[in-house]
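Colleague: Show me how the following folds:
(one chain, ligands or ions: 3)
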Amino acid sequence: MADNRSSSSGLLFSVVLFLRLFHDANGDVSYSISEEMKAGSVIGNIAKDLGLNVGKLSTRKARIDSELNRKRYCDIKLNTGDLIIAERIDREALCGEKASCILKSELILEAPLESHRIILQIQDINDNSPIFTKDKIRIEINELAVKGSRFRVLEAHDLDIGQNAVQSYELQANSYLELKTQSKLDGDKLAELVLVKELDREEQRELKLMLTALDGGSPKRTGTATVHVIVLDANDNPPVFNQVVYKAVLPENATPNTVVVKVAATDTDEGLNGEVIYEISRISETGKRAFSLNQTSGEIHVIGSLDFEEESVYELRIDAKDRYGLSSDAKVIIELSDVNDNPPEISLKSFVNPIAENVSPGTEVGIINVQDRDSEKNGQVRCSIQQNVPFKLLPSIKNYYSLVTTGQLDRELVSDYNITITATDEGSPPLSSSKTVQLSVADINDNPPVFEEQSYSAYVSENNKPGSTLCSVTARDPDWRQNGTVIYSLLPGEVNGASVSSYLSVNGDTGVIHAVRSFDYEQFRSFKVHMMARDNGSPPLSSNVTVSVFISDVNDNSPQILYPAPEGSSFMTELVPKAAHGGSLVSKVIAVDADSGQNAWLSYQIVKATDPGLFSIDLHSGEIRTQRDISESDSMKQNLIVAVKDNGQPSLSATCAMYLLISDNLAEVPELKDISYDEKNSKLTSYLIIALVSVSTFFLTFIIIILGVRFCRRRKPRLLFDGAVAIPGAYLPPNYADVDGTGTLRSTYNYDAYLTTGSRTSDFKFVSSYNDNTLPADQTLKKSPTEFAEIFCRPDESPEVGKTILCIIFFSYMCLKLLRC
Ligand SMILES: *[C@@H]1O[C@H](CO)[C@@H](O)[C@H](O)[C@H]1NC(C)=O
Ligand SMILES: *[C@@H]1O[C@H](CO)[C@@H](O)[C@H](O)[C@H]1NC(C)=O
Ligand SMILES: *[C@@H]1O[C@H](CO)[C@@H](O)[C@H](O)[C@H]1NC(C)=O
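Modeller: Numbers count the residues shown, from 1 in each chain. Ligands and ions are numbered 1, 2, ... in the order given. Down below sits the predicted model:
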C-alpha cells in the first residue's frame with residue numbers, strides 16, 4: 001500500500017481522496033499520509049477542502065502553525081491552496097511504536113481570523129529491518145539436557161509496526177536444535193530453541209547457528225544474529241586407563257623413590273569432571289610397605305626394601321577417579337627380578353671330630369649343606385676346600401657334600417686341620433662365603449718308643465757305691481699321652497748266673513740306670529743287659545736296647561804270695577848247698593795280684609835279711625840268687641823278708657819270710673823245729689782234730705743220705721740248689737729308694753722288677769747283699785781243695801772254734817762238689 005519517498009503523484013492523489021473521507025465538518029481537515037514523503041509533496045488542497053477562496057489566501061495571510069512549537073512538517077501553497085510536505089516525516093521518530101501517529105497543525109487565516117485544525121495521520125511504511133540487540137547470542141546448554149528442553153533466544157526488534165514488524169524467525173539447519181516461534185500474550189513473537197537431539201560435549205563442544213528474523217513487509221526485511229550454543233560439560237565420562245594391565249619388572253635391589261611404573265587414565269570430561277586422581281584399591285600387606293602411588297601423577301614408587309626371596313610378584317589394583325566420583329580400575333603387576341644379594345650359606349651337618357689317625361683314605365668325616373636363597377644362576381653354588389690337606393669334598397645329593405679323607409692321616413705329623421670350606425655362587429658378581437672347621441686327629445698308638453741310641457755303654461769303676469748312677473737311656477714316643485708315655489724296664493736275664501735285677505735297677509720314668517751293688521772287676525769286667533722301653537698304650541708297643549756295662553779296675557787287691565806260704569803258717573825252708581856259687585838260683589817268691597794291668601804288675605824287694613849282702617832278689621821275677629859264694633863263716637840259718645808290691649796308685653804290698661838253710665843235708669839241722677814251731681797250741685789242736693773227725697763223720701753220713709736221695713730222684717738232681725731266691729721288689733713300698741741298692745727305685749708308675757727265676761747252669765749261688773764277700777768262682781776252681789784246707793784250716797791260725805766250724809763247712813762244701821762232679 002505504501003510507497004517509498006519516490007512514489008508517484010497518482011498514488012498520492014488517491015490517498016488524499018481517501019483521506020478526505022475523514023474530513024471534519026467543524027472546519028477541521030484530516031489527511032492520512034505515508035511517512036517519508038519528499039518535501040514539497042502535495043498532501044491535499046486544503047483551500048478546496050475547506051471551501052476557501054484561493055485568490056484570497058494570500059491577502060488573508062494564510063499560514064500553518066505547528067502545535068506547541070513543534071517543527072513545521074507541512075506548509076501551504078498560497079497560490080494553489082495545496083498543503084505540502086515541508087520536511088521529511090519519520091513516523092518511527094515521531095511516534096515510535098504507537099499504532100497511530102498523528103501530527104496536528106493549524107491553518108490560520110486573518111481578516112477575519114479563522115483557524116482550521118489539520119490532522120495528519122502518518123502511515124507506516126516498511127523502512128526498517130528487524131534488528132537483534134546483539135550480533136551474537138550466547139546460549140549455554142548442559143550436555144545432559146534432555147530432548148525437548150527449550151531455550152529462549154533474544155528477540156529481534158523492528159522499528160516498524162504491524163505487518164512491518166518482526167513476523168518470523170529462521171534458524172540455520174542443524175541436527176540438535178530447532179526453532180519454535182510462539183506468540184506471546186502481548187502479541188510479540190517468542191523464539192525458542194528446542195533440543196531435538198542430546199548434546200555431547202565430548203563430541204561437539206559448541207554450535208554456531210545463524211538466526212534470521214523476518215518482518216512482514218513487502219518485500220520482507222531481515223536481520224541476523226549468530227546463536228552460539230556452548231555445550232556445558234557434565235560428568236558423564238569415567239576416567240579410562242590407557243592400559244588394562246600394567247606390567248613392570250623391577251630388580252629387587254631397587255632403591256626407594258625409584259619409579260616403577262606410571263599409570264595414566266584420561267577423563268574426557270572437562271574441569272573437575274576430568275581431573276583424575278589415583279588410588280590403590282587392593283594391595284598386599286607387604287606391597288603396602290614396598291610401594292606407594294602418587295595420587296595425581298599416577299607414578300608408583302618404591303618406598304621400602306624389596307626382597308625377591310620373600311615376594312617376587314606384587315599385584316595391585318589401581319582406581320582412577322574424577323572429582324565427582326566416576327572411576328575405573330586397572331591392574332598393575334610388578335615382578336621383581338632376582339639380584340645376587342644372598343651369599344651361599346654353609347651349614348655343617350655332621351662331623352666326626354676327632355678323626356682317628358688310622359682311618360683309611362676315602363672315609364667320610366663330615367657332611368656339609370650349602371644353600372643360596374637366590375634363584376637360578378645366582379643360587380647355583382660351587383663348593384671347595386683349600387688345597388694341600390688330605391681331604392676333599394665330594395658332591396652328594398642335591399646341595400650336600402661329603403668331606404672325605406684322601407690320604408693317610410698321621411697325628412704325629414699334623415694333629416689338626418683347619419678346613420676352610422668356601423662356597424661361591426654363579427651370580428655376577430659372584431658372592432661367596434666360607435666356614436672353617438677345626439678337625440683334630442685322634443691318636444692311635446702307632447709308634448713304638450724309639451731309643452735315641454742303638455746301644456748304650458756305661459762305664460763304672462769297681463767298688464762303686466750301691467745306688468750310684470751308671471747312665472741313662474732315653475726313648476721317644478711321638479704318640480699322645482699314655483700312648484706316648486715311655487716306661488723303662490730291665491728285661492729279665494742273667495749276669496754270671498744271677499738275675500740282672502741284682503745288678504742294676506732302672507728308674508721306670510727317667511730311664512736312669514743305677515747300680516744295685518758294688519761291682520768287682522776281678523769277678524767280671526763287663527756285662528750286657530737288655531732294656532725295654534714300653535709305652536702305655538693298649539696294646540703297648542715297645543722296643544729293646546742293649547746296655548753294656550764296662551767295669552774298670554781299681555787297685556783293690558794286694559799281691560797274694562803263693563810261695564813261700566805266708567809267714568808263720570809253714571815250716572818251709574829252702575836248702576842252700578854250701579857249695580853254691582855266687583849267682584846261683586836259690587829260690588823264688590811267687591806272688592799273684594787279682595787286679596790287672598799296672599795294678600797287677602808286681603815288683604819284689606828284700607826288705608830285711610840276716611846277711612844283707614848274701615842274697616838278692618830279681619825285681620820282677622822274684623828269683624832269689626846268691627850274690628857271692630857261700631863261705632864257712634856264713635850263718636847256717638838265713639832269713640829273708642821279701643816285700644811284693646803292685647804298681648797301682650796307691651800301690652798295695654804284701655810281705656813274706658823266706659827261711660834259708662845253708663846245708664847239704666836236712667838232717668844236719670836238729671833244731672829245725674825251733675825255728676818257728678810253737679807248742680803252746682798243741683793241746684787245743686788235738687781238741688780241734690777230735691772235733692774235725694767227728695764233724696767229718698757226721699758229714700759223711702750226711703753225704704750218704706744225699707747220695708741216697710740222688711739215686712731215688714735222679715730226675716731232679718739239682719733240687720737242692722735250684723730255685724729262685726729273689727728279692728721281691730713288689731713287696732717294697734712305693735717310692736722306696738733303697739740306699740743300700742738292694743732294691744730298685746720305684747715310682748708311681750708301675751714298675752716291673754724282673755728278677756731271675758734261678759740259674760740252671762750255676763752250681764751254687766750266693767744270693768746276698770752287695771757287701772757279701774763273694775767267693776770268686778774262678779779262684780775257687782784254680783785251687784785244689786787241699787790248698788783251701790791249708791789256707792782255711794791251719795791249726796795255728798784258727799784259735800777260735802768258730803773258725804774251725806767254718807773250716808768244717810768248707811770241707812763239706814768241697815766234698816759235695818767232688819760228689820757232684
Ligand atoms: C686353626 O685355627 C685355630 C684357631 O683359629 C688356631 O689356633 C690353630 O693354630 C689353627 N691350626 C692350624 C693347623 O692352622
Ligand atoms: C691311644 O691309642 C688308642 C688306640 O691305639 C686310642 O684308642 C686311644 O684313644 C689313644 N689314647 C689317647 C690319649 O689318645
Ligand atoms: C724285646 O724283648 C722282649 C723279651 O725278649 C721280647 O718279648 C720283645 O718282643 C722284644 N721287643 C722287640 C721290639 O724286639
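Colleague: Can you tell me how far Ile333 is from Ile704?
Modeller: With distances taken as C-beta to C-beta, to the nearest Å, Ile333 is found 130 Å from Ile704. Glycine gets a C-beta too; all of them are placed from N, C-alpha and C.
Colleague: which residues sit in contact with the residue of the stretch 301-450 of the chain found nearest ligand 1?
Modeller: Closest contact between the stretch 301-450 of the chain and ligand 1, by C-beta to the nearest ligand atom, is at Asn418 (3.7 Å). Going by C-beta atoms under 8 Å, 6 or more residues apart in numbering, Asn418 touches Thr436, Val437, Gln438, Leu439.
Colleague: Among those residues, which one lies nearest to ligand 2?
Modeller: Ranked by distance to ligand 2 (C-beta to the nearest ligand atom), those are led by Leu439 at 15.3 Å.
Colleague: wait, that closest one sits on Ala356?
Modeller: No: with contacts counted by C-beta atoms under 8 Å, Leu439 stays clear of Ala356, the gap being 11.6 Å.
Colleague: And these two? Which one has more around it.
Modeller: Shown here are Leu439 and Ala356; by other C-beta atoms under 10 Å, Leu439 has more neighbours (20 against 13).
Colleague: in what helix or strand does the more buried one lie?
Modeller: For Leu439, the enclosing helix or strand under DSSP states H and E is strand 432-442.
Colleague: Now Asp520: closest residue in space that isn't a chain neighbour?
Modeller: The spatially closest residue to Asp520, leaving aside those adjacent along the chain, is Glu462, at 5.4 Å (C-beta to C-beta, 6 or more residues apart in numbering).
Colleague: Please name the residues that touch that neighbour.
Modeller: Counting by C-beta under 8 Å, 6+ apart, Glu462 has contacts Ser518, Phe519, Asp520, Tyr521, Glu522, Ile551, Ser552, Asp553, Val554, Asp556.
Colleague: now the helices: where do they sit in this protein?
Modeller: Shown for the chain, the helices assigned by DSSP state H span residues 9-20, 46-50, 91-95, 285-290, 682-712, 777-782, 785-793, 801-820.
Colleague: Ranked by average pLDDT, which of those helices falls at the bottom?
Modeller: Lowest mean pLDDT within the helices of the chain: helix 777-782, at a mean of 36.
Colleague: Ends of stretch 616-634, what's the gap?
Modeller: Distance across stretch 616-634, first residue to last, is 15 Å (C-alpha to C-alpha, to the nearest Å).
Colleague: Quick check: mean pLDDT of that stretch?
Modeller: 89.
Colleague: if we can go back for a sec, quick check: which helices or strands does the strand holding Leu439 pack against?
Modeller: Contacts defined by 3 or more C-beta pairs under 8 Å, 6 or more residues apart in numbering; DSSP states H and E place strand 432-442 against strand 345-351, strand 355-356, strand 364-371, strand 416-425.
Colleague: sorry, back to before: can you say which of the contacts of Asn418 are buried?
Modeller: Listed as buried from the contacts of Asn418 are Val437, Leu439; burial here means 16 or more other C-beta atoms under 10 Å.
Colleague: can you put the contacts of Asn418 in a markdown table and add pLDDT and distance to ligand 3?
Modeller: Output for the contacts of Asn418, formatted as a markdown table (pLDDT from 0 to 100; distance: C-beta to the nearest ligand atom, whole Å):
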| residue | pLDDT | distance to ligand 3 |
| --- | --- | --- |
| Thr436 | 93 | 41 |
| Val437 | 91 | 39 |
| Gln438 | 92 | 36 |
| Leu439 | 92 | 33 |
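Colleague: Show me what residue of the stretch 551-700 of the chain gets nearest to ligand 3.
Modeller: Counting by C-beta to the nearest ligand atom, the stretch 551-700 of the chain gets nearest ligand 3 through Ile551, at 24.3 Å.
Colleague: swap in the chain?
Modeller: Counting by C-beta to the nearest ligand atom, the chain gets nearest ligand 3 through Asn544, at 3.6 Å.
Colleague: right, and Leu207 touches Gln172 too?
Modeller: No: contact criterion C-beta under 8 Å: Leu207 and Gln172 do not qualify, at 9.2 Å.
Colleague: More neighbours: which of these two?
Modeller: Applying other C-beta under 10 Å to Leu207 and Gln172 shows that Leu207 carries more neighbours, namely 19 against 15.
Colleague: Quick check: closest non-adjacent residue to that one.
Modeller: Computed as C-beta to C-beta, 6+ apart, the closest residue to Leu207 that is not its neighbour in sequence is Val229, at 4.0 Å.
Colleague: ok, how many other residues are close to the one you found?
Modeller: Using other C-beta under 10 Å: Val229 sits among 22 other residues.
Colleague: contacting residues for it?
Modeller: Taking C-beta under 8 Å, 6+ apart as the criterion, Val229 is in contact with Ile139, Glu140, Ile141, Tyr176, Leu177, Leu193, Glu206, Leu207, Lys208, Leu209.
Colleague: Give me the pLDDT value at Gly758.
Modeller: Reported pLDDT for Gly758: 36.
Colleague: Need the residue closest to the centroid of the protein.
Modeller: Centroid-nearest residue in the chain: Lys435, 4.4 Å away (criterion: C-alpha atoms, centre = their mean).
Colleague: what residues are up against it?
Modeller: Contacts of Lys435 by C-beta under 8 Å, 6+ apart are Ile346, Leu348, Thr420, Ile421.
Colleague: between those, which is closest to ligand 2?
Modeller: Nearest to ligand 2 out of these is Leu348 (C-beta to the nearest ligand atom; 23.7 Å).
Colleague: one step back: quick check: the residue of the stretch 301-450 of the chain closest to ligand 1 vs Gln438, distance?
Modeller: Asn418 is 5 Å from Gln438, where distance means C-beta to C-beta.
Colleague: Ok, Asn555 next?
Modeller: Note on Asn555: its distance to Gln438, by C-beta to C-beta, is 67 Å.
Colleague: And Asp664, by the same measure?
Modeller: Taking C-beta to C-beta, one finds Asp664 at 108 Å from Gln438.
Colleague: just Ser518 next, same as before
Modeller: 57 Å.
Colleague: again with Val486
Modeller: For Val486, the distance to Gln438 equals 29 Å [C-beta to C-beta].
Colleague: just Arg411 next, same as before
Modeller: From Arg411 across to Gln438, the span is 14 Å (C-beta to C-beta).
Colleague: repeat for Val229
Modeller: According to C-beta to C-beta, Val229 stands 94 Å off from Gln438.
Colleague: cool, and Ala93?
Modeller: From Ala93 across to Gln438, the span is 127 Å (C-beta to C-beta).
Colleague: again, but for Val261
Modeller: Counting by C-beta to C-beta, the gap from Val261 to Gln438 is 52 Å.
Colleague: ok, now Leu78?
Modeller: Going from Leu78 to Gln438 by C-beta to C-beta gives 155 Å.
Colleague: Could you pull up phi and psi at Cys303?
Modeller: Check again: residue 303 is Ile, not Cys. Torsion angles at Ile303 (phi, psi; degrees, to the nearest 10) stand at phi -120, psi -20.
Colleague: what's the closest non-adjacent residue to it?
Modeller: Spatial nearest neighbour of Ile303, chain neighbours left out: Ser292 (4.7 Å); criterion: C-beta to C-beta, 6+ apart.
Colleague: how many neighbours does that neighbour have?
Modeller: Ser292: 19 surrounding residues under other C-beta under 10 Å.
Colleague: likewise Leu660?
Modeller: 24.
Colleague: what's the answer for Phe527, then?
Modeller: Summarising burial for Phe527: neighbours were counted as other C-beta under 10 Å, giving 18.
Colleague: Now do the contacts for the nearest residue to it once chain neighbours are set aside.
Modeller: With C-beta to C-beta, 6+ apart as the criterion, Phe527 has its nearest non-adjacent residue at 4.3 Å, and that residue is Val495. Contacts for Val495 were tallied using C-beta under 8 Å, 6+ apart; they are Tyr503, Phe524, Phe527, Val529.
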